[in-house]
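> Coordinates for the following, if possible.
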Amino acid sequence: MIKYDFVYNRAAQFRKKYGNLSIEGILDAMDIQLLSLPFGTGEHAMKGFVQRNSKCYTIAVNSDESASGQRIIIFHEIGHIWLKHLGSAPRGILHDTTLGYYNQRGIIADTENESNFFVAESLIDTEEAKEALHEYDIATAARQLHVPVEFLDYKLRMMNRMKIVNAYNDAFHASSDCLKDMDLGREGWDW
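Residues are numbered from 1 along each chain as shown. Model (predicted):
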């Protein structure tokens, strides 16, 4: 079960603490090691993962992704750390080709959706999103905001859930494994 209020509040705490830092500054401040490794490209290529050893965190990101794509992946993994998912990850994790942890039944864990909500809530300004969505459809609004449409969808669902907006058009609905098929090669996102 996705803990929307928890994600919303933790994202607000994150913005307050790290909101003025670059992603590199956030990694430094949180003492997270970053590895950039060539995992390849294509449908089954791993995009990234986070690992905890004692109290030390390491994020590995696919160096074959674009710079903006790597930033999205890194921030998604930071979300897992900030939301304390690593202590609650299901046992029996197999492997990760979609940035989705799978439990023993092969179901993507809610923690993936929570991390995606965290990315959207932390990095997309609420007022700018409201203005863009008032004027445009979700795809055009995402282009205007220079963000992937999948994360604007997550932001809109969070805004609806927190009653910041009172309607949500479900015409576009990103799934927890949206990073699997997302074109991370597109430059121009402000991530």
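
> from what I can see F14 touches W82, true?
Yes - F14 lies in contact with W82 (Cβ atoms under 8 Å); the separation is 5.5 Å. Backbone N, C-alpha and C define where each C-beta goes, glycine included.

> Mutual contacts of those two, please.
F118 (Cβ atoms under 8 Å, 6 or more residues apart in numbering).

> Give me the below-cutoff pLDDT ranges for the protein.
88-108, 166-191 (pLDDT under 70).

> do you know how far the residue of the chain most remote from its centre is from E127?
Going by Cα atoms, centre = their mean, the residue of the chain most distant from its centre is E135, 25.0 Å out. From E135 over to E127 the distance is 13 Å, taken as Cβ to Cβ, to the nearest Å.

> for F75, same thing?
Distance of F75 to E127, computed by Cβ to Cβ: 21 Å.

> Next one: the residue farthest from the centre of the chain relative to E128, how far apart?
Taken as Cβ to Cβ, the span from E135 to E128 is 11 Å.

> and what of S115?
For S115, the distance to E128 - Cβ to Cβ - is 22 Å.

> Next: F118.
Distance from F118 to E128, by Cβ to Cβ: 18 Å.

> Same question for I73.
I73 is 23 Å from E128, by Cβ to Cβ.

> same thing with D31?
31 Å.

> Check Q33 too.
Distance from Q33 to E128, by Cβ to Cβ: 33 Å.

> Which helix or which strand is home to Q51?
Element membership for Q51, per DSSP states H and E: strand 48-53.

> in which helix or strand would I find K17?
helix 4-18.

> what's that helix in contact with?
Outside helix 4-18, the residues touching it (Cβ under 8 Å, 6+ apart) are 25-26, 29-30, 82-83, 114, 117-118, 121-122, 158, 161-162.

> Check which residues of it are buried.
Y4, V7, Y8, R10, A11, F14, Y18 (16 or more other Cβ atoms under 10 Å).

> Could you do stretch 34-46 as well?
Those buried within stretch 34-46 under the rule 16+ other Cβ under 10 Å are L34, F39, M46.

> so how far does that stretch reach from one end to the other?
Stretch 34-46 stretches 15 Å from its first residue to its last (Cα to Cα, to the nearest Å).
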